[in-house]
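**Q** okay, predicted coordinates and the sequence, questions at the end:
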Number of protein chains: 2
Amino acid sequence: MPEATRRAVEAAPCGGATGEHRRDAQGTRRLLLDAASHLFAERGYERATVRDIASRAGVNQALLFRYFGSKKALFGEVMARGGQEQLRATPPERLFEVALRGMLAEGAGPGTDRSLEVCLRSIGGSDEIGEALRGLGDEYADVLATLSRADDGALRGDLALSWLLGIGLMRVVVGKEPLASADPDAVCRLVGEALTALLEGLPKTE
Amino acid sequence: MPEATRRAVEAAPCGGATGEHRRDAQGTRRLLLDAASHLFAERGYERATVRDIASRAGVNQALLFRYFGSKKALFGEVMARGGQEQLRATPPERLFEVALRGMLAEGAGPGTDRSLEVCLRSIGGSDEIGEALRGLGDEYADVLATLSRADDGALRGDLALSWLLGIGLMRVVVGKEPLASADPDAVCRLVGEALTALLEGLPKTE
DNA sequence: ACGGTATGTAAGCAGGTGCTTACACAAGGG
DNA sequence: CCCTTGTGTAAGCACCTGCTTACATACCGT
């Protein structure tokens, strides 16, 4: 990869035609954060190297360590940035479908939350990463558990989350057919119907 | 030449990896295969290093390459050895529960099939490994698909397999509570009930 | 203008990886 | 006996990893 995607020459006319970097710490910090977010979602934690991230940001990798300290800390900031927005912005009875549709949507627009995808792709990684990922899972499961009035609601929530992640696993990281190309509506309908036996608090499937 | 003592050594079961090895290519081959099987199931493909495998087998790592050529080839032999026995030995309508219970049983007896666990722990790995793992998934999904008479039976099979793997993911690799410590019977009952909406060919839940 | 400092870079370090090579030793046949 | 062959080992190679260091340079207050 000899040609890194250099930072676009900003509107600021530096005079020189070289397209050199403006010295803007916050800007390059965000560049690194964006690059890391994309690469973690694409390859998972282990397979996204700091060199790749820095290269994608168009920045020397030493800056990554100056601004974030370590790869793990960068990962933490990435997950904290947009990770739990969807979790908090979605009412519990819609969370499952929203998360499922978020994972079924392939073209990842800037708005979609890919943190669950990051989790799935980073599973084999170090124990500390697994710990961090378990935290996000716990929050999802806690919300899903409120959808059942049964006394084993927490277990039912875990099972629902398991299905959600399993579907994401098969679809986006394994690419299993026909699931990978299936219509999101069809998947939601089938899963929704089956889940009514598990969680009573789900909205009726039409 | 103390041939009597040598013969006695050969007759003895060589369980421990300690002490000197007798020069037995087939024997050390199997030692490597066993060690690899355990370590792949415990840590996944990437995190099980060839040094660890050779060390666990009590032999030099160079032998690993002499007998198998590469780490990937060794992985292939491990997966081919016991991977699909359970798949072929189990009638379709029982496959889901057998596989689920196999994943819920923590104490991995010598009989239990851990190849699905290997899949789960190796997901982040290289693309070629993912390809190999997809093959096993395909076979499971094909069997599960026969349990539905609907015209989207293949999709329903994929969804059932997704749940199976998702549960394994949460339980054995993430260790999510309360699922990780839940009673296997309770899990099977909840999942079985919900799955009747998806696959009609499942045996009645009690 | 100018010096200090924030920002950026090139080069390298220590450790780990899969894999290879050169060699030691045992067995068996001429 | 020696010499070939199969089995096992120690050492090393080339590369990759996260991370650090020494240095260059643009910006900004004075």
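**A** Everything's here; your move.
**Q** just the CA trace of the biggest helix by length in chain A, in PDB.
**A** When chain A is parsed with DSSP state H, its longest helix is helix A:25-47. The C-alpha coordinates for helix A:25-47 follow below in PDB (Å, rounded to 0.1, in the frame of the first residue of the first chain):
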ATOM      1  CA  ALA A  25      -4.400  17.900  16.600                       C
ATOM      2  CA  GLN A  26      -8.200  17.600  17.000                       C
ATOM      3  CA  GLY A  27      -8.600  17.100  13.300                       C
ATOM      4  CA  THR A  28      -6.000  14.300  13.000                       C
ATOM      5  CA  ARG A  29      -7.400  12.800  16.200                       C
ATOM      6  CA  ARG A  30     -10.800  12.500  14.500                       C
ATOM      7  CA  LEU A  31      -9.200  11.200  11.300                       C
ATOM      8  CA  LEU A  32      -7.600   8.400  13.400                       C
ATOM      9  CA  LEU A  33     -10.800   7.700  15.200                       C
ATOM     10  CA  ASP A  34     -12.700   7.500  11.900                       C
ATOM     11  CA  ALA A  35     -10.200   5.200  10.300                       C
ATOM     12  CA  ALA A  36     -10.100   3.000  13.300                       C
ATOM     13  CA  SER A  37     -13.900   2.800  13.400                       C
ATOM     14  CA  HIS A  38     -14.000   1.600   9.800                       C
ATOM     15  CA  LEU A  39     -11.200  -0.800  10.100                       C
ATOM     16  CA  PHE A  40     -12.300  -2.300  13.400                       C
ATOM     17  CA  ALA A  41     -15.700  -2.900  11.800                       C
ATOM     18  CA  GLU A  42     -14.200  -4.300   8.700                       C
ATOM     19  CA  ARG A  43     -11.600  -6.700  10.200                       C
ATOM     20  CA  GLY A  44     -12.100  -6.800  13.900                       C
ATOM     21  CA  TYR A  45      -9.700  -5.700  16.600                       C
ATOM     22  CA  GLU A  46      -6.800  -8.000  16.000                       C
ATOM     23  CA  ARG A  47      -6.600  -7.900  12.200                       C
END
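**Q** quick one: buried residues of it?
**A** A:28-29, A:31-41, A:43-47 (16 or more other C-beta atoms under 10 Å in any protein chain shown). For every residue, glycine as well, the C-beta is placed using N, CA and C.
**Q** which of those are close to DNA strand C?
**A** Near DNA strand C, judged by C-beta under 7 Å from any atom of the strand, the entries from those are A:T28.
**Q** with adjacent residues omitted, what lies nearest to A:D34?
**A** A:A57 (7.2 Å; C-beta to C-beta, 6 or more residues apart in numbering or on different chains).
**Q** for that neighbour, give me its contacts.
**A** By C-beta atoms under 8 Å, 6 or more residues apart in numbering or on different chains, the contact set of A:A57 is A:7, A:28, A:31-32, A:34-35.
**Q** still on that earlier bit, by contact count, what packs against the longest helix of chain A?
**A** Using 3 or more C-beta pairs under 8 Å, 6 or more residues apart in numbering or on different chains; DSSP states H and E, the elements in contact with helix A:25-47 are helix A:50-57, helix A:61-68, helix A:71-82, helix A:115-121.
**Q** what pLDDT, on average, does that helix get?
**A** Regarding helix A:25-47, the rounded mean pLDDT is 95.
**Q** low pLDDT regions in chain A?
**A** For chain A, the stretches flagged by pLDDT under 70 are A:1-21, A:83, A:107-111, A:204-206.
**Q** so A:R51 touches A:Q61, yeah?
**A** Yes - at 5.5 Å, A:R51 counts as touching A:Q61 under the criterion of C-beta atoms under 8 Å.
**Q** does stretch A:69-89 come close to DNA strand D?
**A** Yes - shown here: stretch A:69-89 in contact with DNA strand D (C-beta under 7 Å from any atom of the strand) through A:69-72.
**Q** could you flag which of those residues are buried?
**A** For the residues of stretch A:69-89 next to DNA strand D, a neighbour count by 16+ other C-beta under 10 Å gives the buried set as A:K71.
**Q** a markdown table for the residues of stretch A:69-89 next to DNA strand D, including distance to B:A160?
**A** Shown next, in a markdown table, are those (distance: C-beta to C-beta, whole Å):
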| residue | distance to B:A160 |
| --- | --- |
| A:G69 | 44 |
| A:S70 | 41 |
| A:K71 | 37 |
| A:K72 | 36 |
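**Q** A:K176: what secondary structure?
**A** coil (DSSP: H, G, I helix; E, B strand; the rest coil).
**Q** gap between it and B:L147?
**A** 17 Å (C-beta to C-beta, to the nearest Å).
**Q** what do you get for A:T196?
**A** From A:T196 across to B:L147, the span is 20 Å (C-beta to C-beta).
**Q** still on that earlier bit, list just the nearest of the contacts of A:A57 to DNA strand C.
**A** Within the contacts of A:A57, proximity to DNA strand C (C-beta to the nearest atom of the strand) peaks at A:T28, which comes in at 4.0 Å.
**Q** that closest one reaches A:N60, doesn't it?
**A** No - using C-beta under 8 Å, A:T28 is not in contact with A:N60, being 9.5 Å away.
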